[in-house]
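**Student:** predicted model follows, preceded by the sequence.
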Amino acid sequence: MIFDPWPKERKKDLYNFDKEINKLIESISDPSVRLIVIKGLRRTGKSSILRVALNESKYNYVLIDMREFEELDRESFYRSLTEALLKAIKSRKKAIVNRIKAISFMGMKIEISKPDKEMDYRTLFRKINSWADKNKTFFILAIDEAQEVAKINFDRYLAFIYDNLLRIKIILAGSQIGVLTKLFEDPKRPLYGRARIEINTRKLTPEEAEEFLTLGFKEVGIRISKEIIREAINRLDGIIGWLNLFGWYVVHGKRPMEAMEIVLREGMQVVKDELDRFLETRGIGKKRYLIVLKILAEGPKRWKEVKELMEIKLRKRIANNQITRYLSELLKYGFIQKREKIYYIPDPLLRETVLKKY
């Protein structure tokens, strides 16, 4: 169903992202492409595009969602990663030929000399690479919310895979665009300078958003007036994740305006939790980041306007490099965007959250 609230797995359930999916599948199929990066705002379809493309591709894969490991230390992460990789391999078809000597799934057989409890992710990836090389194919390591890998230096091992395990392709998807980009553009990071294909998700245009909601309601036989659909688009913008949730609540019995209020309330709480986690890491700068966001929540601004308004609110002069740092960090984590020297908050629920919750 179009309005299913979880990431889509089938192409027919994913609205109007054929261009992005086709580019991803084409890149996966290209033997010369080893690293693919999917970037975009939160709730603009990254996870769905990734999952649909993986299912459409001809290669075996393992998909890791870094949110599962977000609170773990490095040692715990590596242990959990090994367990997740083994579980993923074993769950792919029922064929575990021999728990100690071999694992087989989707026609892929990995010889194992150690007991499972002694196996680690490095050994598994080497075995997988050897199998793929022998069979002249590729294996895909896909990581969602991949900006988290830097916290435990897992990007160092990804660089090792890129340089040495040539039959393993890497796909990284993330919503903290600046943090993800830094993995490849910071000379101090292990993945710096590696060739990659980048795919960007996007907000829907008003016309696309109207078509998306109309098709979703038509699929389940519900008639909704154009006025309500346009009101939903006006309140939720072209963020497909919020529009999708609105449709899901209507399909499950909520009146349209009630559904819209639920999405706004629940969405604002999700956004607030995300923003709170970011602010917790800002120390004494927390107040100033909030001031920047409140200024931009009132409307798009140029750098000079942000500086002037901040100085008025704080009643003191602020160094230029500090203003630049606040804006750069908010850009890096995907809370704001910049277009033609104008800074703005792209998510309507974040705008409302900043104005009403802080």
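**Tutor:** All right, it came through fine.
**Student:** now do the strands in the stretch 201-350 of the chain.
**Tutor:** Assigned by DSSP state E, counting those that start in this stretch, the stretch 201-350 of the chain shows strands spanning 301-302, 337-339, 342-344.
**Student:** weakest of those strands by average pLDDT?
**Tutor:** Note on the strands of the stretch 201-350 of the chain: lowest mean pLDDT is at strand 337-339, with a mean of 93.
**Student:** helices or strands next to it in the packing?
**Tutor:** helix 320-332, strand 342-344 (3 or more Cβ pairs under 8 Å, 6 or more residues apart in numbering; DSSP states H and E). C-beta here means a position set from N, CA and C on the backbone, and glycine is covered the same way.
**Student:** quick one: which of the strands of the stretch 201-350 of the chain is nearest residue 325?
**Tutor:** strand 342-344 (13.4 Å; Cβ to Cβ).
**Student:** now do that closest one: which elements does it pack against?
**Tutor:** Looks like strand 342-344 contacts strand 301-302, strand 337-339 (3+ Cβ pairs under 8 Å, 6+ apart).
**Student:** in the stretch 1-150 of the chain, which spans are helices?
**Tutor:** 18-29, 46-56, 74-91, 121-134 (DSSP state H, counting those that start in this stretch).
**Student:** pick the most buried one from the ones you listed.
**Tutor:** helix 46-56 (a mean of 22; mean count of other Cβ atoms under 10 Å).
**Student:** neighbouring contacts of it?
**Tutor:** With contact meaning Cβ atoms under 8 Å, 6 or more residues apart in numbering, helix 46-56 is reached by 7-11, 14, 17, 20-21, 24-25, 28, 38-40, 61, 63, 140, 142, 144, 171, 173-175, 199, 201.
**Student:** and the residues you listed, which are buried?
**Tutor:** 7-8, 11, 14, 17, 20-21, 24-25, 28, 38-40, 61, 63, 140, 142, 144, 171, 173-175, 199, 201 (16 or more other Cβ atoms under 10 Å).
**Student:** where in the stretch 201-350 of the chain is pLDDT low?
**Tutor:** Within the stretch 201-350 of the chain, no range satisfies pLDDT under 70.
**Student:** what about the helices in it?
**Tutor:** So, for the stretch 201-350 of the chain - with DSSP H, counting those that start in this stretch - the helices run 206-219, 226-236, 240-251, 256-280, 286-297, 303-314, 320-332, 348-357.
**Student:** returning to what we had before: would you mind giving the helices and strands packed on strand 342-344 as CSV with distance to residue 265 added?
**Tutor:** Output for those, formatted as CSV (distance: least, Cβ to Cβ, whole Å):
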stretch, distance to residue 265
strand 301-302, 28
strand 337-339, 25
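**Student:** so which of the ones you listed gets nearest residue 219?
**Tutor:** Between those, strand 337-339 lies closest to residue 219; by Cβ to Cβ that is 31.7 Å.
**Student:** can you list the strands that the closest one pairs with?
**Tutor:** As defined by DSSP bridges, the strand partners of strand 337-339 come to strand 342-344 (antiparallel).
**Student:** and residue 268, how close does it get to residue 351?
**Tutor:** 10 Å (Cβ to Cβ, to the nearest Å).
**Student:** settle it for me: which of the two has more neighbours?
**Tutor:** Legend: neighbour count by other Cβ atoms under 10 Å for residue 268 and residue 351, higher for residue 351 (21 against 18).
**Student:** just to revisit the earlier point, and the helices of the stretch 201-350 of the chain, which is most packed in?
**Tutor:** helix 240-251 (a mean of 24).
**Student:** and it with helix 226-236, angle?
**Tutor:** Counting by axes from the mean of the first three to the mean of the last three Cα atoms, to 10 degrees, helix 240-251 lies at 140 degrees to helix 226-236.
**Student:** the closest residue to residue 289 other than its chain neighbours: neighbouring residues, count only.
**Tutor:** Excluding the flanking residues, the one nearest residue 289 by Cβ to Cβ, 6 or more residues apart in numbering is residue 282, at 5.4 Å. Number of residues near residue 282 (other Cβ under 10 Å) recorded here: 14.
**Student:** how close does residue 282 get to residue 172?
**Tutor:** 25 Å.
**Student:** cool, residue 242 as well?
**Tutor:** Residue 242 is 24 Å from residue 172, by Cβ to Cβ.
**Student:** with residue 218 instead?
**Tutor:** 36 Å.
**Student:** same check, this time on residue 281
**Tutor:** From residue 281 over to residue 172 (counting by Cβ to Cβ), the distance is 22 Å.
**Student:** check residue 49 too.
**Tutor:** For residue 49, the distance to residue 172 - Cβ to Cβ - is 13 Å.
**Student:** next: residue 53.
**Tutor:** 13 Å.
**Student:** same question for residue 298.
**Tutor:** 35 Å.
**Student:** compare these two (neighbour count), which wins?
**Tutor:** residue 172 (26 against 13).
**Student:** C-alpha coordinates for stretch 124-143, CSV please?
**Tutor:** Taking C-alpha atoms only, stretch 124-143 is exported to CSV below (Å, rounded to 0.1, in the frame of the first residue of the first chain):
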residue,chain,number,x,y,z
LEU,A,124,32.9,-13.0,7.3
PHE,A,125,33.5,-10.1,4.8
ARG,A,126,36.7,-11.8,3.6
LYS,A,127,34.8,-15.1,3.0
ILE,A,128,32.0,-13.2,1.2
ASN,A,129,34.5,-11.4,-1.0
SER,A,130,36.3,-14.7,-1.9
TRP,A,131,32.9,-16.3,-2.8
ALA,A,132,31.9,-13.3,-4.9
ASP,A,133,35.3,-13.2,-6.7
LYS,A,134,35.1,-17.0,-7.4
ASN,A,135,31.6,-16.5,-8.9
LYS,A,136,32.4,-13.3,-10.7
THR,A,137,29.7,-11.4,-8.9
PHE,A,138,29.4,-8.7,-6.2
PHE,A,139,28.1,-8.5,-2.7
ILE,A,140,26.5,-5.3,-1.3
LEU,A,141,27.2,-3.8,2.1
ALA,A,142,24.4,-1.2,2.6
ILE,A,143,24.4,1.0,5.7
